[in-house]
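Novice: Need coordinates for the below:
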Amino acid sequence: MINFFLKPLEKFNKIVSQCVFALATTLIGLIVLALTMSAVTRYVSGNGYDWFIELPPAMVTWLVFPLLGPLFKSGQHISVDFVTVFLNKAQVSFLKFLTHITAFIAAIIFTQAGIEATQLFIQLGETMELEIEIPVWWIYLAFPVGFIILGLISLELILLDIKTFFSKSFGNL
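Specialist: Residues are numbered from 1 along each chain as shown. Model (predicted):
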């Protein structure tokens, strides 16, 4: 029964993770390119474009928030692991299960908050103070998008944990 939900979710999350890593790689390249172009234009002309400097911080939200889920799944996130030294394998598995549930609940709460913040900035109609007008809500949209991805990946990890627990107890599901 769990496989009915787990297999499609795993496939979907794999595609989403690949897209997120591609987006992150592209954004890092654009950030470096923008800062390089800023330095070059200031060196060559003595005058630069403000948006070369101001655009990279705006892109960082689209770098950080969508990466939450894929980094969480791969274990490349920041974690405190000194407790696991004192626990046996079953206790470590249960602790990871609790972590996945906590991440899932947090993802739901922060997705809602992100949606509300994005809607507020859409209603305000504010744009960033750059030479290129970028709506502020585009920046805030990364927040709910990232937490939706984290929620989906957390759900996958919860289902994997349940499958592991039951397969150890009752054989294959």
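
Novice: all strands for the chain, in order.
Specialist: Shown for the chain, no strands are assigned by DSSP state E.

Novice: so what secondary structure elements neighbour the lengthiest helix in it?
Specialist: Secondary structure of the chain per DSSP state H: the longest helix is helix 2-45. With contacts taken as 3 or more C-beta pairs under 8 Å, 6 or more residues apart in numbering; DSSP states H and E, helix 2-45 sits against helix 50-64, helix 68-74, helix 142-170. (Each C-beta comes from the backbone N, C-alpha and C, glycine too.)

Novice: out of these, which comes closest to residue 131?
Specialist: Comparison of these against residue 131 by C-beta to C-beta identifies helix 50-64 as nearest, at 4.6 Å.

Novice: Run the angle between the lowest-mean-pLDDT helix or strand in the chain and helix 142-170 for me.
Specialist: When the helices and strands of the chain are scored by mean pLDDT, DSSP states H and E, helix 50-64 comes last with a mean of 86. If you take axes from the mean of the first three to the mean of the last three C-alpha atoms, to 10 degrees, helix 50-64 sits at 20 degrees to helix 142-170.

Novice: tell me the angle the longest helix of the chain makes with helix 50-64.
Specialist: Using the same axes, to 10 degrees, the inter-axis angle of helix 2-45 relative to helix 50-64 is 160 degrees.

Novice: my guess is residue 6 meets residue 156, correct?
Specialist: Yes. Counting by C-beta atoms under 8 Å, residue 156 is a contact partner of residue 6 at 6.9 Å.

Novice: quick one, which of these two is more surrounded?
Specialist: When residue 6 and residue 156 are compared on other C-beta atoms under 10 Å, the one with more neighbours turns out to be residue 156, at 21 against 18.
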